[in-house]
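**Student:** I'd like to go over a predicted model; first the sequence, then the structure.
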Amino acid sequence: MQPTLDIPINATTVTVPVAGTLALASPVRLRFGAPSRDGLVWSIAHVPAGVELTFTLDLPAPFDQPFTARL
């Protein structure tokens, strides 16, 4: 379940070094289980195994490709 969000955002540019990592702070949480009444919790009704998440970041080409994470 993906709740409807209407929150302001601030565009920010961050440079990630080659082979570096970056943690993105977000008020949105993802959890496995029953849907939540909390508008900042996205729920996946599935056990946390065998799940594949695909997302796209707003990056310039050629980095504007979908990314996939598998659990």
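**Tutor:** Sure, I can see it. Just so it is clear, the model here is predicted, and its values are computed rather than measured.
**Student:** where exactly do the strands run in the chain?
**Tutor:** 29-32, 41-44, 52-56, 66-70 (DSSP state E).
**Student:** which elements pack onto the second one?
**Tutor:** Counting by 3 or more CB pairs under 8 Å, 6 or more residues apart in numbering; DSSP states H and E, the packing neighbours recorded for strand 41-44 are strand 29-32. Placement of C-beta: from N, CA and C, glycine included.
**Student:** need the contact partners of the strand it packs on.
**Tutor:** 40-48, 51 (CB atoms under 8 Å, 6 or more residues apart in numbering).
**Student:** now what about stretch 63-71, what contacts it?
**Tutor:** 48-58.
**Student:** now find how far off-centre the least confident helix or strand in the chain by mean pLDDT is within its chain.
**Tutor:** Every helix and strand in the chain was compared by mean pLDDT, DSSP states H and E; the lowest is strand 52-56, with a mean of 76. How far strand 52-56 lies from its chain's middle: 8 Å, per CA atoms, centre = their mean, to the nearest Å.
**Student:** quick one, which of the strands of the chain gets closest to Val18.
**Tutor:** strand 66-70 (17.2 Å; CB to CB).
**Student:** farthest-apart pair in the contacts of strand 29-32, please.
**Tutor:** Within those, Leu40 and Val47 form the most distant pair, 22.5 Å apart (CB to CB).
**Student:** give me the number of neighbouring residues for Pro35.
**Tutor:** For Pro35, the count of nearby residues is 14 (other CB atoms under 10 Å).
**Student:** meant to ask about Val16
**Tutor:** 8.
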